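Novice: fold the following and give me the result.
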Amino acid sequence: MVKATLLALAFLLELALLVAVGWWGFTRSAGWPVRVLAGLGAPLLIAVVWGLFCSPKAGVSLPAPAKLTAQAACFVTGGLLLALAGRPVPGALLVAVWAVDKALLTLAGDPV
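Specialist: Numbers count the residues shown, from 1 in each chain. The predicted structure follows:
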């Protein structure tokens, strides 16, 4: 039950990551074409990286430390972009909650 809850939280955090990156893109101080491109393109880029390297059924199999590094890089990027969009506290919370969830999942025996 606990592991299932942690996995559900991990999934919700991944969705929040995409929303955070999109928020950054749509709040750029540029013309609407740039905002739309950044608001849709940046989350798409994160989703592709996540699908290729970080997901349980990743297209590229990485050793556990490299996979964890890629996941952390995605979340730190999302947190930084959210901070740059004027939301530093939610950006820090996104990264912190992901780190705690990942640590608890690791302790519960879930592979990276």
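Novice: which helix runs longest in this structure?
Specialist: When the chain is parsed with DSSP state H, its longest helix is helix 2-26.
Novice: for the next helix or strand after that helix, packing partners?
Specialist: Proceeding N to C from helix 2-26, the next assigned helix or strand is helix 32-49, under DSSP states H and E. Applying 3 or more C-beta pairs under 8 Å, 6 or more residues apart in numbering; DSSP states H and E, we find helix 32-49 packed against helix 2-26, helix 64-84. (Each C-beta comes from the backbone N, C-alpha and C, glycine too.)
Novice: chain center to whatever helix or strand comes next after the shortest one, what's the gap?
Specialist: Elements were assigned by DSSP H and E; along the chain past helix 64-84, the next helix or strand is helix 88-107. Helix 88-107 sits 10 Å away from the centroid of its parent chain (C-alpha atoms, centre = their mean, to the nearest Å).
Novice: now swap in stretch 67-84 and tell me
Specialist: Distance, centroid of stretch 67-84 to centroid of chain: 6 Å (C-alpha atoms, centre = their mean).
Novice: average pLDDT across the longest helix of the chain?
Specialist: Predicted confidence along helix 2-26 averages 96 (mean pLDDT).
Novice: which strands or helices does it pack on?
Specialist: Short answer (3+ C-beta pairs under 8 Å, 6+ apart): helix 2-26 packs on helix 32-49, helix 64-84, helix 88-107.
Novice: what about those helices, which gets the closest to Met1?
Specialist: helix 88-107 (13.2 Å; C-beta to C-beta).
Novice: may I see the buried residues of that closest one?
Specialist: Neighbour counts over helix 88-107 (16 or more other C-beta atoms under 10 Å) mark 90-91, 94-95, 97-98, 101-102, 104-105 as buried.
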